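**Student:** the following comprises the amino acid sequence and a computationally predicted model.
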Amino acid sequence: MSTDRSLTHRHESAPEKIQQRPAVPPAVDIYENAEELLVVADLPGVTQEHLAVRLEKGELTFEGRRTEAAEREQGADNLPDYRRSFVVPQGIDADKISAELQAGVLRIHLPKSASLKPRQIPITAS
């Protein structure tokens, strides 16, 4: 075991390299029915491998990176990535949230908890 506890410092004159591409909010539609909220986002040029959907502290965030093949198809270099966030309303069952990507369209299903779903109240006769 080494007793050397010195830290190696990087050269102060060398800036840290960060690859950062611009991001734009994609077009989104939100639908609601008795069972769920459905978020539908257009993400052309994004594949499943380049897509992240997260729920953290009540905020739903998705980020998609366009592939180089998509940039070539669209005839542009350095197309912006996609990024969008939403506050998830109370009453959504976070453990059952699911997402699917098909042909550049992302669908995020936010199922309502049983307490928010409408129910029929039985009537008894006395």
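**Tutor:** Okay, I see it.
**Student:** OK, contacts around the residue nearest the centre of the chain?
**Tutor:** The residue lying closest to the centre of the chain (CA atoms, centre = their mean) is Phe62, at 1.6 Å. Shown in contact with Phe62 (CB atoms under 8 Å, 6 or more residues apart in numbering): Ala41, Leu51, Ala52, Val53, Arg54, Tyr82, Arg83, Arg84, Ala99, Leu106, Ile108. For glycine as for every other residue, the C-beta is placed from the backbone atoms N, C-alpha and C.
**Student:** where do the helices sit along this structure?
**Tutor:** 68-73 (DSSP state H).
**Student:** now the strands: where do they sit in it?
**Tutor:** 23-24, 28-32, 36-42, 46-56, 59-66, 81-87, 98-102, 105-111 (DSSP state E).
**Student:** which one of these has the lowest average pLDDT?
**Tutor:** Of all those, mean pLDDT reaches its minimum on strand 23-24 (a mean of 88).
**Student:** mind listing the strands that strand pairs with, and their directions?
**Tutor:** Strand 23-24 pairs in its sheet with strand 81-87 (parallel), by DSSP bridges.
**Student:** any chance of the strands of the chain in a markdown table, plus distance to Lys117?
**Tutor:** What follows is the strands of the chain, written out as a markdown table (distance: least, CB to CB, whole Å):
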| stretch | distance to Lys117 |
| --- | --- |
| strand 23-24 | 35 |
| strand 28-32 | 12 |
| strand 36-42 | 10 |
| strand 46-56 | 20 |
| strand 59-66 | 20 |
| strand 81-87 | 21 |
| strand 98-102 | 17 |
| strand 105-111 | 9 |
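**Student:** am I right that Leu55 is in contact with Val88?
**Tutor:** Yes. At 6.7 Å, Leu55 counts as touching Val88 under the criterion of CB atoms under 8 Å.
**Student:** okay, and the common contacts of these two?
**Tutor:** By CB under 8 Å, 6+ apart, the residues touching both Leu55 and Val88 are Ala94.
**Student:** neighbours around Leu51, how many?
**Tutor:** A count of nearby residues for Leu51, using other CB atoms under 10 Å, gives 16.
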